[in-house]
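Chemist: What follows is a predicted protein model with its sequence.
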Amino acid sequence: MHDEITKTSRDLHNWSSWLSTCTIQVSPNIAYETLKQETIQYLRLSDAHPNDANIQKLCVSTACFPLNQRKRAAKRLFNASNDRSVAPTFISLAREWDQFSKSVDHKLRPLVKIALGNMLSAQLYVLRGRNITEKTETHSAENTIVVYLQPRYFSIEKDIFTPHWNSSELMKTLLSVIESKGLYVLPLVLPLTNILPEDDFPGFPKIGHHTTGNRTKCLHLKIAYLKEYAYLDNWGFGPFSQCRDQATIESYISKLNSKKVEAFYSQLFSKYCSSRESKFGQPETRLALEKKALNIFFPMQTPNDTVMQAAFINQYRSIEIVLHELEGTENLLIIKRHPYDQSAETTEFLETISANRNCIVSDGNVHDLIQHCEVTFCVNSGVGMEAILHLKPVITVGMCDYNFVTETARNESDLRRLVNNFNPKPDSNKMKAFIYYFFHKHACHVHDHEEISLRVSELLE
């Protein structure tokens, strides 16, 4: 018995590690196939331990498991009288629906409720407009879109969290577009961030919330750096999105009307930079920072952020290299820790470098820090895009979808060179034109019915 318990514990640990690796560390295009390699082994484990909440939670979270298997595990967790703290967030939200629903926009409540219900009942339901019906064989790949949600993202509390507001507004426009085309929505809960289940409903068009991967008949949606803009992209978000080549972007911006570009830029600058508004809450107090010969800003990212796998040099090593290049100078590196990074790894790293005379850690408003510094270094942070809005030089040490107007360090030698020899005056007209391109053609406004309709039409082709 002891050996059996030990083996189960070991399998559980391996399964959990396997999921984490595929979600965070593996390229989106191979993550799903990597998951499928051990499917049979873990399906057996799930069936052998129906009352083990930890195992059933992993079952619900495994995108390559059959939908019926994930639903069965979800039902077990929902009905469990103990280990409720282990249950996935969506199970808790389903249990507390009466309370949770009050924080969901009334136009989205049917969608979210059906997504939760579809994971907990034998029958599936579809939505068209405000009409809810049972899914039948008449709901096919020709008239139904499968939409994978993360229900927690649709909670709009009194203190509005920007990514949640973005998700809600985009989804309302998306539902309006789908209804206008006479199509049904089949809402389901996304098993795990980033990975879209491919084997559910083969051939159906799919839309994933916070997912990635170049797949046939698939769109991925997520906030695109600024509150009112979002990805609705064939490949994913950030460095995983379908980035156009330099020539295509140059061709597009060469045809733009300069007055239209300037007007759009001024609008964004006023809304986000002048108001000092960012994706995450920022302090209102303005900082009194000492002016050095050269100030460099490095906004950190969360270590487990999916886009960090696109780094050429990890952020800790990048900071070490920059500090080494600043030795013996009066120049200063200003680091801002990501507001949602509470990792011991980052804490230890910042404590290690805290005595360096060329370095300070600040919790100031990102717009103040960008303005105060001559250049921003980052992996592929959204703050990089905000620095572009300020028309400031940006150096990236990872793949990103705004490198048309940045300099890129692909290795440590590049980074050392750029610390000492970056372009202090990038082409502001090029940056403004790129901003216009990015938020009209790459990303889109969450209320742009016409552009969103175009992308849904392309999904259906």
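Modeler: Alright, I've got the coordinates. Note that the structure is predicted; figures quoted are calculated from it, not measured. Numbering: from 1, shown residues only.

Chemist: what number of residues lie near residue 196?
Modeler: Neighbour count for residue 196, taken as other CB atoms under 10 Å: 27. Quick note: C-beta positions are derived from backbone N, CA and C, even for glycine.

Chemist: now do residue 419
Modeler: For residue 419, the count of nearby residues is 23 (other CB under 10 Å).

Chemist: next one: residue 110
Modeler: Using other CB under 10 Å, the number of residues around residue 110 comes to 19.

Chemist: give the contact list for it.
Modeler: Remark: with contacts taken as CB atoms under 8 Å, 6 or more residues apart in numbering, residue 110 is in contact with 127, 130, 132.

Chemist: what residue ranges in the protein score low on pLDDT?
Modeler: 1-13, 81-85, 158-160, 292 (pLDDT under 70).

Chemist: care to break it down by domain?
Modeler: 2-86, 92-240, 259-438 (automatic domain parsing).

Chemist: which of the contacts of residue 110 lies closest to residue 375?
Modeler: Set against residue 375, the nearest of the contacts of residue 110 by CB to CB is residue 127 (48.5 Å).

Chemist: want to throw the domains of the chain into JSON lines with distance to residue 248?
Modeler: What follows is the domains of the chain, written out as JSON lines (distance: least, CB to CB, whole Å):
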{"stretch": "domain 2-86", "distance to residue 248": "21"}
{"stretch": "domain 92-240", "distance to residue 248": "15"}
{"stretch": "domain 259-438", "distance to residue 248": "10"}
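
Chemist: May I have the phi/psi pair for residue 231?
Modeler: phi -80, psi 140 (degrees, to the nearest 10).

Chemist: these two touch, right, it and residue 220?
Modeler: Yes. Contact criterion CB atoms under 8 Å: residue 231 and residue 220 qualify, at 6.4 Å.

Chemist: quick one: contacts for the closest residue in space to residue 31 that isn't next to it in sequence?
Modeler: Once flanking residues are discounted, residue 31 sits nearest to residue 22: 4.5 Å by CB to CB, 6 or more residues apart in numbering. If you count contacts by CB under 8 Å, 6+ apart, residue 22 has them with 31, 32, 34, 35, 195.

Chemist: For the first one, give me its contacts.
Modeler: If I follow you right, that is residue 31. 22, 23, 194, 195, 213 are the contacts of residue 31 under CB under 8 Å, 6+ apart.

Chemist: Next: the fourth one.
Modeler: With contacts defined as CB under 8 Å, 6+ apart, the neighbours of residue 35 are 18, 19, 22, 62, 63, 64, 195.

Chemist: how about the strand or helix carrying residue 175: buried residues?
Modeler: Per DSSP states H and E, residue 175 falls inside helix 162-180. For helix 162-180, the neighbour count (16 or more other CB atoms under 10 Å) marks 162-179 as buried.
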